[in-house]
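[1] build the 3D model from these lines:
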Amino acid sequence: MPFLLIKLIMKMKEKIKNVGTQNFESLLGDFQKTNYKNWEKLSNELLNNKLDDYVNKLYESITTKPIYFKDDIINLYEQTKSLPGLYPYIRGNKLSNSYKWEIAQEIPLPLPVEFNKSLIENLLNGQNAISIIPDDASASGFNPEESIRIKIGRNGTSIFISDDFENALKNINIEEYPIYIKSSTNLSSIASVFFAYILKNKVNLKNLSGGFHYDPLSVLAQKHEYPYNYELLFDEIVSLINWLYSKKCPFSVITINGNLFNEAGGNAVQELAFSMSETVLYLKELINRGIDINESAKRIRLSFSIGPNFFVELSKLRAARMLWAKIIKHFGGNEESQKVFIHAETCKWNKTRQDPYVNILRNTGEAFSAILGGCDSLNLQYFDNAYGIPNEFSRRITRNTQLVLMEECDLTGITDIPGGSWFIENLTNELAKNAWKLFQEVEKQGGFYKALDNGFIKEEIEKVKYERLFNFTKKKDVLIGTNMYTNPNECHPERSRRAIETTETDYNGIFKHRHSTLRAFMEKRDNMEVSKLLDILNDTVNDNPANSFEVALNAINEGATLGEISKPFNIKFNATIKNPIEKMKLSELF
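    Take a look at the predicted model:
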């Protein structure tokens, strides 16, 4: 029997060897070509006309079919024939096939020295970008004073003088790594403290890469008001951009916080449309203040949350590049400015307190889709975020999740791995098309700010949000370990807490340490000189805010603090909106 089988295989090999291209094509002709209608007819015969049960309607109002054919992309010529590094950049910004994203893990440790220790460990073990999150006080422009004690050390690192950056980045050559700094409000204060540190250490500004994760409109969208008025908000941004331009420093200034729309319960179409509308608002305001389109585009990046729907999320990033390119081209931007930098973060709303180790698996799937979508930098949520500051194991496993995907899964040698898939290309087009339609609706209402103020954006998001909440309470949508397949040993909050090695944090001690540091610093400086420079800053903010950054930097160099730089900006009337957006966290329902 084995002998006959070998003989048969040898004969088949000989036949295949002698088949030419022409014969092979005639061989294919023996098979009947099919399409979706033919397949649908046969499938309904087998399934008793219940094929519709296998059709999936997404939150994005897109219906996905059980199978896709070449006909589904026949009209997407520009999209499917595009190449990496060429308009509309759907397949990526680079011509080469090398793809390596930035591992930009955040380290939410309260003290700069602690942050530095953890950062050095991360950089020695594969992390290739630096991400700094100032604590709630610093991000809002406050010194560690008694009145805001509760904000000191919370959700980030306490930074209020340039020495704090000195301690946070000690023994690190920051020209070798992109560096990102998050800030909620008061851009001038955190930026002047940072650049005072940069200049003091003689860092070559031309070699400094990265940028600020700063989006004041996003803050306004969430908190009903912004600490200073609408016009000053943009004047402050322009002042920093002009200074960076004069120094030939490529640092970006704005990062559009598309994450907000995702975290509020919105869908991918809304995340894309509202992010693009916000981008257009920033571009118009910057251009009106004398910043040309190419310089403006260069200073803006996009940030998106990556949710659990694998194919939607990777297609969302591909669609985002296409939409950005279309908008910048419309503004007259050059090819380089048509390429957008996209930061991605695994989403927060599905990270659960119950059965928290499942969050590691959620992170992995979401990170994988972000990478296949072509993100430029990536941050993963810590699986134990619900329990406070992540422990050492959490920080290591989160970093290593990215490293496994980068080093072991062979994802860096091929550009746009999902490109060409009939399903992915069709889904990318549907997302982009629907997002463009919604974007145009926002623009008809007067743009992002007016659509935010009149409640249109909130209403659109809440339609999807309440549908999600209903589906999760009815278990139509699933959170493993929370609304389905729960672990009975972790149903009690205390048992869940014992499942995690929590990091105990003495926030009272942190406040005392930071407050005493502030007092000691202020005692050593020339208070009269600092007061004089702060008066000049106050006058500049009132009379010529577009030139305020240089003045703020001079004051920091003489010993002013982050909180003192913020005050002149906060004197003017607040910008407000009537309909702020509220974030959603599904796990809190159960």
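[2] okay, the residue nearest to L283 when sequence neighbours are not counted and I328: tell me how far apart.
    The shortest distance from L283 to any non-neighbouring residue, by C-beta to C-beta, 6 or more residues apart in numbering, is to S296 (5.4 Å). For glycine as for every other residue, the C-beta is placed from the backbone atoms N, C-alpha and C. Separation of S296 from I328 (C-beta to C-beta, to the nearest Å): 9 Å.
[3] same check, this time on G481
    G481 is 43 Å from I328, by C-beta to C-beta.
[4] also N429?
    For N429, the distance to I328 - C-beta to C-beta - is 20 Å.
[5] can you check Y387 too?
    42 Å.
[6] where does the chain have low pLDDT?
    1-31, 97, 490-499, 572-573, 587-590 (pLDDT under 70).
[7] mind checking the longest strand of the chain?
    strand 300-306 (DSSP state E).
[8] so who does S61 touch?
    269, 434 (C-beta atoms under 8 Å, 6 or more residues apart in numbering).
[9] buried ones in stretch 43-55, by neighbour count?
    For stretch 43-55, a neighbour-count test (16 or more other C-beta atoms under 10 Å) marks 43, 51 as buried.
[10] which residues sit against that stretch?
    40, 63-66.
[11] that one: end-to-end distance?
    Stretch 43-55 has an end-to-end distance of 12 Å (C-alpha to C-alpha, to the nearest Å).
[12] going forward, the N-terminal residue is numbered 144.
    Sure, I'll start counting at 144 from here, so that last one is stretch 186-198.
[13] let me know how buried the nearest residue to W565 once chain neighbours are set aside is, in neighbour terms.
    In this structure, W565 finds its nearest non-sequential neighbour in Y211, 3.9 Å apart by C-beta to C-beta, 6+ apart. Neighbourhood size, Y211 [other C-beta atoms under 10 Å]: 17.
[14] thought Y211 was touching I567?
    No: judged on C-beta atoms under 8 Å, Y211 makes no contact with I567 at a distance of 9.0 Å.
[15] neighbour count for Y530 and I471, which is higher?
    Shown here are Y530 and I471; by other C-beta under 10 Å, I471 has more neighbours (24 against 19).
[16] what sits against that one?
    436, 440, 480-481, 483 are the contacts of I471 under C-beta under 8 Å, 6+ apart.
[17] hang on, the earlier thing: who are the packing partners of the longest strand of the chain?
    Applying 3 or more C-beta pairs under 8 Å, 6 or more residues apart in numbering; DSSP states H and E, one finds that strand 443-449 contacts strand 397-400, helix 402-406, helix 411-431, helix 453-474, strand 485-489, helix 501-515.
[18] give me that answer again for 6 Å
    strand 397-400, helix 402-406, strand 485-489, helix 501-515 (3 or more C-beta pairs under 6 Å, 6 or more residues apart in numbering; DSSP states H and E).
[19] redo those as CSV? Include distance to E672 and mean neighbour count.
    Below are the helices and strands packed on strand 443-449 laid out as CSV (distance: least, C-beta to C-beta, whole Å; neighbours: other C-beta atoms under 10 Å):
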stretch, distance to E672, mean neighbour count
strand 397-400, 33, 26
helix 402-406, 41, 25
strand 485-489, 39, 27
helix 501-515, 48, 21
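[20] dump those to a markdown table, plus distance to I263.
    Putting the helices and strands packed on strand 443-449 into a markdown table (distance: least, C-beta to C-beta, whole Å) gives the following:
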| stretch | distance to I263 |
| --- | --- |
| strand 397-400 | 25 |
| helix 402-406 | 28 |
| strand 485-489 | 23 |
| helix 501-515 | 23 |
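[21] tell me what the residue most central in space within the chain is bridged to.
    For the chain, S446 is the residue whose C-alpha lies nearest the centre (C-alpha atoms, centre = their mean; 2.9 Å). Judged by DSSP bridges, the bridge partners of S446 are N400, H486.
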